[in-house]
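1. Using only what follows, build the 3D model:
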Amino acid sequence: QVQLVESGGGAVQAGGSLTLSCAASRYIPCMGWFRQAPGKEREGVASSVSAGSTSYADSVKGRFTIRKDIANNTLYLTMNSLRPEDTAMYYCAADLRPLLPLSADHMYTFWGQGTQVTVSS
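-> Numbering: from 1, shown residues only. Next up, the predicted model:
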(Lines give C-alpha, C1' and ligand atoms only; values in the text may rest on other atoms or scores of the structure.)
Protein backbone atom coordinates (compact mmCIF):
# COMPACT_ATOMS: atom_id res chain seq x y z
CA GLN A 1 0.00 0.00 0.00
CA VAL A 2 1.16 3.53 -0.78
CA GLN A 3 -0.10 6.68 0.89
CA LEU A 4 -0.03 9.96 -1.02
CA VAL A 5 -0.40 13.32 0.68
CA GLU A 6 -0.81 16.44 -1.44
CA SER A 7 -0.23 20.02 -0.40
CA GLY A 8 0.29 23.42 -1.95
CA GLY A 9 -3.08 24.26 -3.43
CA GLY A 10 -4.67 27.65 -2.98
CA ALA A 11 -6.22 30.66 -4.62
CA VAL A 12 -4.28 32.89 -7.00
CA GLN A 13 -4.97 35.47 -9.64
CA ALA A 14 -4.53 34.74 -13.32
CA GLY A 15 -0.89 34.84 -14.28
CA GLY A 16 0.22 33.69 -10.86
CA SER A 17 2.09 30.57 -9.81
CA LEU A 18 1.65 27.68 -7.42
CA THR A 19 3.67 24.58 -6.62
CA LEU A 20 1.90 21.40 -5.57
CA SER A 21 3.65 18.67 -3.61
CA CYS A 22 2.81 15.01 -3.25
CA ALA A 23 4.62 13.03 -0.58
CA ALA A 24 4.56 9.27 -1.06
CA SER A 25 5.08 6.82 1.78
CA ARG A 26 7.59 4.86 -0.32
CA TYR A 27 9.29 4.92 -3.68
CA ILE A 28 6.88 4.27 -6.51
CA PRO A 29 7.97 4.52 -10.15
CA CYS A 30 4.93 5.96 -11.86
CA MET A 31 3.41 9.16 -10.50
CA GLY A 32 1.19 11.80 -11.99
CA TRP A 33 -1.04 14.77 -11.43
CA PHE A 34 -4.66 14.78 -12.48
CA ARG A 35 -7.39 17.36 -12.11
CA GLN A 36 -11.13 17.55 -12.13
CA ALA A 37 -13.18 20.69 -12.47
CA PRO A 38 -16.86 20.82 -11.48
CA GLY A 39 -19.00 19.23 -14.14
CA LYS A 40 -16.02 17.98 -16.10
CA GLU A 41 -14.26 14.67 -16.43
CA ARG A 42 -10.98 14.03 -14.72
CA GLU A 43 -8.00 14.71 -16.94
CA GLY A 44 -4.32 14.01 -16.82
CA VAL A 45 -2.11 17.03 -16.26
CA ALA A 46 1.43 15.65 -16.09
CA SER A 47 3.22 12.45 -15.22
CA SER A 48 6.69 11.27 -14.30
CA VAL A 49 7.32 7.63 -14.98
CA SER A 50 10.23 5.25 -14.64
CA ALA A 51 13.51 6.35 -16.22
CA GLY A 52 12.59 9.98 -15.76
CA SER A 53 10.27 10.33 -18.72
CA THR A 54 7.64 13.04 -18.35
CA SER A 55 4.40 13.79 -20.14
CA TYR A 56 2.17 16.84 -20.18
CA ALA A 57 -1.32 17.65 -21.31
CA ASP A 58 -1.27 20.01 -24.27
CA SER A 59 -3.14 22.62 -22.26
CA VAL A 60 -0.32 22.96 -19.73
CA LYS A 61 2.79 22.49 -21.86
CA GLY A 62 5.19 25.34 -21.39
CA ARG A 63 3.45 26.49 -18.21
CA PHE A 64 3.63 23.51 -15.84
CA THR A 65 6.68 21.51 -14.81
CA ILE A 66 6.63 18.15 -13.07
CA ARG A 67 9.57 16.98 -11.00
CA LYS A 68 10.16 13.88 -8.94
CA ASP A 69 12.50 13.98 -5.94
CA ILE A 70 13.39 10.31 -5.68
CA ALA A 71 15.42 10.72 -2.49
CA ASN A 72 12.36 12.06 -0.66
CA ASN A 73 9.65 10.17 -2.58
CA THR A 74 8.02 13.49 -3.43
CA LEU A 75 6.42 14.67 -6.64
CA TYR A 76 6.11 18.35 -7.45
CA LEU A 77 4.05 20.28 -9.96
CA THR A 78 5.12 23.86 -10.54
CA MET A 79 2.37 25.80 -12.24
CA ASN A 80 3.15 29.14 -13.86
CA SER A 81 1.01 31.54 -15.88
CA LEU A 82 -2.11 30.11 -14.28
CA ARG A 83 -5.42 30.66 -16.03
CA PRO A 84 -8.98 30.54 -14.73
CA GLU A 85 -9.49 27.33 -16.70
CA ASP A 86 -6.82 25.68 -14.53
CA THR A 87 -9.24 25.88 -11.60
CA ALA A 88 -9.88 22.34 -10.38
CA MET A 89 -9.24 19.81 -7.67
CA TYR A 90 -5.78 18.43 -8.31
CA TYR A 91 -4.98 14.86 -7.40
CA CYS A 92 -1.72 13.01 -7.13
CA ALA A 93 -1.81 9.41 -8.28
CA ALA A 94 0.72 6.61 -8.42
CA ASP A 95 1.17 3.05 -9.52
CA LEU A 96 3.76 0.32 -9.28
CA ARG A 97 3.62 -0.28 -13.02
CA PRO A 98 6.44 1.88 -14.33
CA LEU A 99 5.16 3.22 -17.63
CA LEU A 100 1.47 4.08 -17.49
CA PRO A 101 0.44 6.72 -20.01
CA LEU A 102 -0.97 10.01 -18.77
CA SER A 103 -4.28 9.18 -20.44
CA ALA A 104 -4.70 6.02 -18.36
CA ASP A 105 -5.87 7.65 -15.12
CA HIS A 106 -8.22 4.72 -14.50
CA MET A 107 -5.17 2.44 -14.21
CA TYR A 108 -3.50 4.35 -11.40
CA THR A 109 -3.94 2.42 -8.16
CA PHE A 110 -3.10 4.91 -5.43
CA TRP A 111 -4.67 8.35 -5.09
CA GLY A 112 -4.24 11.29 -2.77
CA GLN A 113 -7.08 13.24 -1.19
CA GLY A 114 -6.74 16.16 -3.58
CA THR A 115 -5.85 19.81 -3.23
CA GLN A 116 -7.93 22.67 -4.59
CA VAL A 117 -6.49 25.20 -7.03
CA THR A 118 -8.58 28.27 -7.78
CA VAL A 119 -7.50 30.86 -10.33
CA SER A 120 -9.43 34.11 -10.53
CA SER A 121 -9.48 36.43 -13.50
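2. Wait, a helix at residue 85?
-> Yes. Residue 85: assigned to a helix according to DSSP: H, G, I helix; E, B strand; the rest coil.
3. What count of nearby residues applies to it?
-> 11 (other CB atoms under 10 Å). Heads up, the C-betas are built off the backbone N, CA and C, glycines and all.
4. For it, give me its contacts.
-> 59, 119 (CB atoms under 8 Å, 6 or more residues apart in numbering).
5. Return the distance of it relative to residue 118.
-> 12 Å (CB to CB, to the nearest Å).
6. what separates the residue lying closest to residue 120 once chain neighbours are set aside from residue 110, distance-wise?
-> Excluding its sequence neighbours, the residue lying closest to residue 120 (CB to CB, 6 or more residues apart in numbering) is residue 13, at 5.5 Å. Per CB to CB, residue 13 is found 33 Å from residue 110.
7. And these two? Which one has more around it.
-> Neighbour tally, residue 13 and residue 110, criterion other CB under 10 Å: the higher count belongs to residue 110, 18 against 10.
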